[in-house]
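K.L.:
I would like to see how this sequence folds:
(2 chains)
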Amino acid sequence: AQRVTQPEKLLSVFKGAPVELKCNYSYSGSPELFWYVQYSRQRLQLLLRHISRESIKGFTADLNKGETSFHLKKPFAQEEDSAMYYCAWGQGGKLIFGQGTELSVKP
Amino acid sequence: GAVVSQHPSWVICKSGTSVKIECRSLDFQATTMFWYRQFPKQSLMLMATSNEGSKATYEQGVEKDKFLINHASLTLSTLTVTSAHPEDSSFYICSASRVRGRLHSGNTIYFGEGSWLTVV
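P.N.:
Got it, this is the predicted structure:
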């Protein structure tokens, strides 16, 4: 079965520090991977998808098939980045989410 | 603006009653919608795939008689929690996939704002 693992439940950094949120996956078939962000009391928002290779709000993520990873990175964290981040594996619109990592950026 | 909308945003019901949550795609047709459940401080768990005009596909461990899904039109899917109990209290979220072109990679997934269910 497809599985998405986010090993860190909470990641706390200071403003301006680099951030890396880890995500590993197991899958059968071609992976379609996403990062979603959920700010407090707001709906889930798409941050990145590996196919588009975009950079949103300074975040990037590279798919590493050898390591089956899709880590999310940002060189300089901002306080407004504080939120829940979910890595997800998708197929046909269906998403399997990781456990989520709460990012806390302190001033 | 929102392209997927859920109603109600929150609902309180008594144990033993049933409650219906609606998920609408506002400006596109969605042959498939998805229902998730999220407990506080936890991740989203896929419950079922709602298929327009046919039966929903439930994930393992999800009681289909408990969580009735109806997808009667291309813009509306409903989730009915039957004979609700306090342990059914949760945040329920739907999503719909907007297809762009023929490639699967062109799909964009939109989430509703979620519905808080509290069973007392």
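
K.L.:
so how far is the helix or strand hosting B:S77 from its chain's centroid?
P.N.:
Applying DSSP states H and E as the criterion places B:S77 in strand B:76-81. Taking C-alpha atoms, centre = their mean, to the nearest Å, the mean C-alpha location of strand B:76-81 is offset from the chain mean by 6 Å.

K.L.:
can you pull the contacts of the residue of chain B found nearest chain A?
P.N.:
Nearest residue of chain B to chain A: B:S97, at 3.1 Å (C-beta to the nearest C-beta). All C-beta atoms are positioned from the backbone trio N, CA, C, and that covers glycine. Counting by C-beta atoms under 8 Å, 6 or more residues apart in numbering or on different chains, B:S97 makes contact with A:G92, A:G93, B:A30, B:T32, B:M33, B:F34, B:N107, B:T108, B:I109, B:Y110.

K.L.:
what's the closest non-adjacent residue to the last one?
P.N.:
In this case it means B:Y110. Among residues not flanking B:Y110 along the chain, B:V4 sits closest, at 4.3 Å (C-beta to C-beta, 6 or more residues apart in numbering or on different chains).

K.L.:
what angle sits between the next helix or strand after the strand holding B:S77 and strand B:76-81?
P.N.:
Reading on from strand B:76-81 to the C-terminus, the next helix or strand found by DSSP H and E is strand B:90-98. Interaxial angle, strand B:90-98 versus strand B:76-81 (axes from the mean of the first three to the mean of the last three C-alpha atoms, to 10 degrees): 160 degrees.

K.L.:
just the CA coordinates for strand B:90-98, please, in PDB.
P.N.:
Output of strand B:90-98 as PDB, limited to C-alpha atoms (Å, rounded to 0.1, in the frame of the first residue of the first chain):
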ATOM      1  CA  SER B  90     -14.400  15.200  13.700                       C
ATOM      2  CA  PHE B  91     -13.400  17.600  11.000                       C
ATOM      3  CA  TYR B  92     -14.700  16.400   7.600                       C
ATOM      4  CA  ILE B  93     -13.100  17.700   4.400                       C
ATOM      5  CA  CYS B  94     -14.000  17.100   0.800                       C
ATOM      6  CA  SER B  95     -12.000  17.700  -2.300                       C
ATOM      7  CA  ALA B  96     -12.700  17.700  -6.000                       C
ATOM      8  CA  SER B  97     -10.400  17.300  -8.900                       C
ATOM      9  CA  ARG B  98     -10.600  19.700 -11.800                       C
END
